[in-house]
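Peer 1: Below: sequence and its predicted model.
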Amino acid sequence: MSVTDAPHTKDAFHRGRFYLLQPAAKGHRSGVDAMILASVVPNDFAGRIADLGAGAGAAGLAVLSRCPASTAVLIERSNFMTEFARSSLALPENNAFLDRTQVVQADVALTGKARGEAGLVDNSFDFAIMNPPFNMPTDRATPDPVKAEAHVMTKDMMEQWIRTAAAIVRPGGSIGIIARPTSITDLLDALEGRFGGLIIVPVQPRPQDAAIRIVVKGIMGSRAGLSLYPALVLHHETGNEFTDRAIAINNGLTSLI
């Protein structure tokens, strides 16, 4: 059965500059987190990016939408979500990205020869972005196994994903990650000795609220220190309207850093 035979939606991103087919009944659906992750990549980026755990491809396509000289490889383990990525790329509205995008079904946790044979070749990317599963196994479980695979972090997963990023990104290349603040210790431990010059940007729902996400950017092989940047605030103190900066990032009009 084609994924388009399953319940799905067709969603516009970046004010209609690209579209995604996304599952309506099961599986992971992308939104603001993916747009924030994509915004870690600078506006003038002109290299090759790996979107690790790409789902239907939201973050990778968002980079291509904003950075016209870039190319992307969308890497996803789930056959179900990989087919959504392929079907999204085949939409007529996404014709501009066809020659700049590759979809690879592979487990980000692969190592050594198996990783290379799956298409994740060492030192072959300029930037890796990732939105790894960040729910703990002790959190309330979803009955949807596809969604659980996308959302629940297994033991050593952060280490495995960053190890892969460090292998496939060229020296001097970059990594971008969005995660929950509770993951910061595991993140920093996994990044140590691999990526330096770290920049951390908290993401707050409102100015008076604690951060619900952190965005981390690092440079492969750098020995520079860590910087804590001003927070991205999504909404004003009251109401649900987005701030101007959040609107610009969500619509692919600017980079985060």
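Peer 2: Structure received.

Peer 1: And residue 230, how close does it get to residue 239?
Peer 2: Residue 230 sits at a distance of 22 Å from residue 239 (criterion: CB to CB, to the nearest Å). Yep, even glycine has a C-beta here, placed from its N, CA and C like the rest.

Peer 1: what does residue 166 give?
Peer 2: For residue 166, the distance to residue 239 under the criterion CB to CB works out to 42 Å.

Peer 1: Which of these two has more residues huddled nearby?
Peer 2: residue 166 (20 against 8; other CB atoms under 10 Å).

Peer 1: Pretty sure the more buried one sits against residue 194.
Peer 2: Yes. With contact defined as CB atoms under 8 Å, residue 166 and residue 194 form a contacting pair (4.0 Å).

Peer 1: Overlap in contacts, these two.
Peer 2: residue 220 (CB atoms under 8 Å, 6 or more residues apart in numbering).

Peer 1: Run a quick neighbour tally on the nearest residue to residue 227 once chain neighbours are set aside.
Peer 2: Spatial nearest neighbour of residue 227, excluding adjacent residues (CB to CB, 6 or more residues apart in numbering): residue 199 at 5.0 Å. For residue 199, the number of neighbouring residues by other CB under 10 Å comes to 18.

Peer 1: which ones are touching residue 199?
Peer 2: Contacts for residue 199 were tallied using CB under 8 Å, 6+ apart; they are 216, 217, 218, 226, 227, 229, 257.

Peer 1: Would you agree it falls within a helix?
Peer 2: No. Per DSSP: H, G, I helix; E, B strand; the rest coil, residue 199 lies outside any helix segment and is strand.

Peer 1: and the next element down the chain from the helix or strand of the chain with the lowest mean pLDDT?
Peer 2: The weakest-scoring helix or strand in the chain, judged by mean pLDDT, DSSP states H and E, is helix 145-151 (a mean of 49). The element immediately downstream of helix 145-151 (helix or strand, assigned by DSSP states H and E) is helix 157-168.

Peer 1: How are the strands of the protein distributed by residue range?
Peer 2: 8-13, 18-23, 48-52, 71-76, 101-105, 125-130, 169-179, 195-204, 213-220, 227-228, 232-233 (DSSP state E).

Peer 1: Let me know the angle separating the first one from strand 18-23.
Peer 2: I take that to be strand 8-13. Between strand 8-13 and strand 18-23, the angle comes out at 150 degrees (axes from the mean of the first three to the mean of the last three CA atoms, to 10 degrees).

Peer 1: so what strands line up beside strand 8-13?
Peer 2: For strand 8-13, the pairing partners within the sheet under DSSP bridges are strand 18-23 (antiparallel).

Peer 1: Also the third one?
Peer 2: Sheet pairing of strand 48-52 (DSSP bridges) gives strand 71-76 (parallel), strand 125-130 (parallel).

Peer 1: Just to check, residue 123 is in contact with residue 170?
Peer 2: Yes. A contact is recorded between residue 123 and residue 170 when judged using CB under 8 Å, the distance being 4.8 Å.

Peer 1: between these two, which one's more packed in?
Peer 2: The residue with more neighbours, out of residue 123 and residue 170 and counting by other CB under 10 Å, is residue 170; that gives 16 against 11.

Peer 1: How many residues are close by the residue lying closest to residue 84 once chain neighbours are set aside?
Peer 2: In space, residue 84 comes closest to residue 56 once its chain neighbours are excluded; the distance is 4.2 Å by CB to CB, 6+ apart. Residue crowding around residue 56 was assessed by other CB under 10 Å; the count is 30.

Peer 1: Go ahead and confirm residue 56 touches residue 22.
Peer 2: Yes. Checked against CB under 8 Å, the pair residue 56 and residue 22 is within contact range at 5.3 Å.

Peer 1: Name the residues contacting each of these two.
Peer 2: Contact with both residue 56 and residue 22 is made by residues 30, 84, according to CB under 8 Å, 6+ apart.
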